[in-house]
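Student: Below is the sequence, then the predicted model.
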Amino acid sequence: MLLRVIVSESEIRRLPVEGSLSSVEELYQVLRTSLGLRGRFILQFEDPDFNNQLCNLTDIKDLPVERATLKVLFTADDSSDSTLDTCSLLSVSSGDSVKWPDPFPIPQFSHDVELQLKEANCRYIKDGSVMVIPKGLKTDILDILADSMSKITAYPERDHYEGVAKALVEKHPCLREPGSEKGWYSWFHSLKFKLGNYRQKLSAAGCPEVVINKRKGGCSKGKCVKKSKKGEVNYCPDPPEGECPENMEEKRQIMEAEMQKRDPDLQLLENLMVATFSQRRREIVGDQPPIAEIISRWPALFHERQIMAEFKRIVTVDLLESFLKGLDDLVPRILELYKTATKSGKKQSLKEILDCLGRDDTNEKRRAAFLLGLPYYISGEDPSNVIRMCDAHAENLDEAMRGMQLGILIGYEGERGAIPAEIFSVAVVVEETIVLHNIKGVAQGFAMLMGIIYCVNLEYPFAMKYSFEFIQRVVMKVKPDQASARSQREEQ
């Protein structure tokens, strides 16, 4: 397919695309990778059914098969006078489009490089001979690949490097490494080295994701690297095209004023939260302010609806859906493992939790038993400063939260027990402060706690780090391939 892409009045690009596109989201990825497009945008295409008038592209099947003209419309101002729900369209396209593509689309190299590769590929097909790669040619190839990779993330992971190296030699077999079983291992190492150097250029240019990396002060050794650790896709994104810090600060102030109203405009808040996402992440990730300051500057964030929306912007995964579905899939097997573990008589706390199910075996109680029992099943973890319970009518909440840096507070009525019979509400606590309350149920409370951890860029509580890793990687399936040996053992 051949695309004519109108980026602006002064920039109109010709872009050949190999193979067929399966979705509009895949097209977004191709444009971001090949043309270096940043920020949020929507696409329009010249529709031959309407005399080539522009129409919004919502289905890839609407696009002409062989040649098509696209127009890129950046949406930095978040205006929405269209009859389409552009806000919803935007959040989907911008979230999905930054996922690492598989397979990675190898970009077009400069004309002279492509000519050399074409001739060498012909020789490879003819007699299997690989190319003796001149140093300058290899540098040109690595520069283009590093630029394309950094437009997705400045910190690719090992499987990303491997995927790019593999895609490179599949597209240009003449570049295979002689004598190597895989044929691309040297390219893997060269890419890692090149990206390290390329990040220095990005830092000098002011790339937010790289600038926030700071060395420790004083005499301590090493670096305090602030980068994605828990599967964040949009960890510290660039600001939208055409936006500046002053504009986003103005929108933040509008949002802050709206939150002071008795009945704030929820749709306006949603639009402003999308528009100020990059500034919010830059503050939270880069400055690491205390929770009180975050609540003061971003009060709209601390509501269940916005926690879920922010989590999806960061991870591109639905928070509640991934949490509850993963939980329900695992509950039967994990509860059986709990029962087996209690037969030795060493896990009394776990036995008390299971005994509660004998009196109330509802799905909600089974979810609660899974979550409350997890730290006891994973030996050596103490949940006392992360999971606490208090009488719903207790007057001294400060005492109940004393020493809690991060966790959930379960308010109950009547008999307490290992799983309270009547749970009044659940609250999320950060730095001895309730940041989210009136949550219905233990499972939803844990889901919101995970959402807060991502939205405010917190570390997992050290006392329950394996439990939280298990929830992230095994239950929610966020970066499941990087689970520690201990988490994999507990799953089995």
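Tutor: Sure, I can see it.
Student: And the strand or helix carrying residue 168, what does it pack against?
Tutor: For residue 168, the enclosing helix or strand under DSSP states H and E is helix 158-171. Counting contacts by 3 or more C-beta pairs under 8 Å, 6 or more residues apart in numbering; DSSP states H and E, helix 158-171 is packed against helix 135-150, helix 185-205. To be clear about C-beta, it is placed using only N, CA and C from the backbone, and glycine gets the same treatment.
Student: okay if I get those as TSV plus mean neighbour count and distance to residue 122?
Tutor: Supplementary listing: the helices and strands packed on helix 158-171 in TSV, determined by neighbours: other C-beta atoms under 10 Å; distance: least, C-beta to C-beta, whole Å:
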stretch	mean neighbour count	distance to residue 122
helix 135-150	17	16
helix 185-205	16	21
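Student: Could you identify which of the ones you listed has the lowest mean pLDDT?
Tutor: Per-stretch mean pLDDT for the helices and strands packed on helix 158-171 is lowest at helix 185-205 (a mean of 87).
Student: what's the next helix or strand after it packed up against?
Tutor: Following the chain from helix 185-205 toward its C-terminal end, the next helix or strand by DSSP H and E is helix 208-211. Using 3+ C-beta pairs under 8 Å, 6+ apart as the contact criterion, the secondary-structure elements in contact with helix 208-211 are helix 185-205.
Student: Just the residues contacting the helix it packs on, thanks.
Tutor: Taking C-beta atoms under 8 Å, 6 or more residues apart in numbering as the criterion, the residues outside helix 185-205 that touch it are 138, 142-143, 145-147, 149-150, 154-156, 161-162, 164-165, 168-169, 175, 177, 180, 209-211, 213.
Student: rerun at 10 Å
Tutor: Helix 185-205 is contacted from outside by 133, 138-139, 141-143, 145-147, 149-150, 153-156, 158, 160-169, 175-178, 180, 182, 184, 207-213, using C-beta atoms under 10 Å, 6 or more residues apart in numbering.
Student: Show the model's pLDDT score for the closest residue to residue 383 other than its chain neighbours.
Tutor: In space, residue 383 comes closest to residue 375 once its chain neighbours are excluded; the distance is 4.2 Å by C-beta to C-beta, 6 or more residues apart in numbering. Among the per-residue scores, residue 375 shows a pLDDT of 92.
Student: Quick one: residues contacting residue 375.
Tutor: For residue 375, the contact set (C-beta under 10 Å, 6+ apart) comprises 349-350, 381-384, 386-387, 461, 463-464, 466-468, 470.
Student: so where's the stretch 201-350 of the chain uncertain?
Tutor: Under the criterion of pLDDT under 70, the regions of the stretch 201-350 of the chain flagged as low confidence span 213-226, 344-346.
Student: which stretches of it form helices?
Tutor: Taking DSSP state H, counting those that start in this stretch as the test, the helices found in the stretch 201-350 of the chain are 208-211, 245-258, 266-275, 277-281, 291-297, 304-315, 319-342, 348-359.
Student: Mind putting those into JSON lines with mean neighbour count and distance to residue 112?
Tutor: Compiled in JSON lines, these are given as follows (neighbours: other C-beta under 10 Å; distance: least, C-beta to C-beta, whole Å):
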{"stretch": "helix 208-211", "mean neighbour count": "20", "distance to residue 112": "30"}
{"stretch": "helix 245-258", "mean neighbour count": "15", "distance to residue 112": "41"}
{"stretch": "helix 266-275", "mean neighbour count": "18", "distance to residue 112": "42"}
{"stretch": "helix 277-281", "mean neighbour count": "22", "distance to residue 112": "37"}
{"stretch": "helix 291-297", "mean neighbour count": "16", "distance to residue 112": "51"}
{"stretch": "helix 304-315", "mean neighbour count": "21", "distance to residue 112": "41"}
{"stretch": "helix 319-342", "mean neighbour count": "16", "distance to residue 112": "47"}
{"stretch": "helix 348-359", "mean neighbour count": "16", "distance to residue 112": "67"}
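Student: could you redo those helices as TSV and give each row distance to residue 427?
Tutor: Rendered in TSV, the data for the helices of the stretch 201-350 of the chain read as follows (distance: least, C-beta to C-beta, whole Å):
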stretch	distance to residue 427
helix 208-211	32
helix 245-258	23
helix 266-275	22
helix 277-281	23
helix 291-297	14
helix 304-315	12
helix 319-342	17
helix 348-359	21
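Student: what's the closest of those helices to residue 397?
Tutor: Of all the helices of the stretch 201-350 of the chain, it is helix 291-297 that lies closest to residue 397, at 16.1 Å by C-beta to C-beta.
Student: And the closest one, what does it pack against?
Tutor: For helix 291-297, the helices and strands in contact under the criterion 3 or more C-beta pairs under 10 Å, 6 or more residues apart in numbering; DSSP states H and E are helix 245-258, helix 277-281, strand 422-430, strand 433-439.
Student: Select, out of the ones you listed, the one closest to residue 235.
Tutor: Checked against C-beta to C-beta, the stretch from these lying closest is helix 277-281, at 7.2 Å.
Student: Show me what that closest one is packed against.
Tutor: For helix 277-281, the packing partners by 3+ C-beta pairs under 10 Å, 6+ apart are helix 208-211, helix 245-258, helix 291-297, helix 304-315.
Student: hang on, the earlier thing: Serialize the helices and strands packed on helix 158-171 to a markdown table and add fields for distance to residue 56.
Tutor: Below are the helices and strands packed on helix 158-171 laid out as a markdown table (distance: least, C-beta to C-beta, whole Å):
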| stretch | distance to residue 56 |
| --- | --- |
| helix 135-150 | 27 |
| helix 185-205 | 33 |
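Student: remind me which residues of the stretch 1-150 of the chain are low pLDDT?
Tutor: Across the stretch 1-150 of the chain, the stretches falling below the confidence threshold (pLDDT under 70) are 10, 36, 38-40, 75-99.
Student: Please enumerate the helices of it.
Tutor: If DSSP H, counting those that start in this stretch is used as the criterion, the helices of the stretch 1-150 of the chain fall at 24-35, 86-97, 111-127, 135-150.
Student: Tell me which of these sits most buried.
Tutor: helix 24-35 (a mean of 20; mean count of other C-beta atoms under 10 Å).
Student: show me the contacts for residue 184.
Tutor: Counting by C-beta under 10 Å, 6+ apart, residue 184 makes contact with 161-170, 175-177, 191.
Student: Domain ranges for this protein, per the record?
Tutor: In the assignment given by automatic domain parsing, the structural domains of the chain cover 2-97, 111-211, 245-309, 319-491.
Student: Throw the ones you listed into TSV and include distance to residue 229, thanks.
Tutor: Written out in TSV, the entries for those read as follows (distance: least, C-beta to C-beta, whole Å):
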stretch	distance to residue 229
domain 2-97	19
domain 111-211	10
domain 245-309	11
domain 319-491	8
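Student: Between these, which one is closest to residue 105.
Tutor: Evaluated with C-beta to C-beta, these place domain 2-97 nearest to residue 105, the distance being 5.6 Å.
Student: now the closest one, how far from the chain's geometric center?
Tutor: The chain centroid and the centroid of domain 2-97 are separated by 23 Å, computed with C-alpha atoms, centre = their mean, to the nearest Å.
Student: for stretch 173-185, same thing?
Tutor: Averaged over its C-alpha atoms, stretch 173-185 has a centre that lies 33 Å from its chain's centre (C-alpha atoms, centre = their mean).
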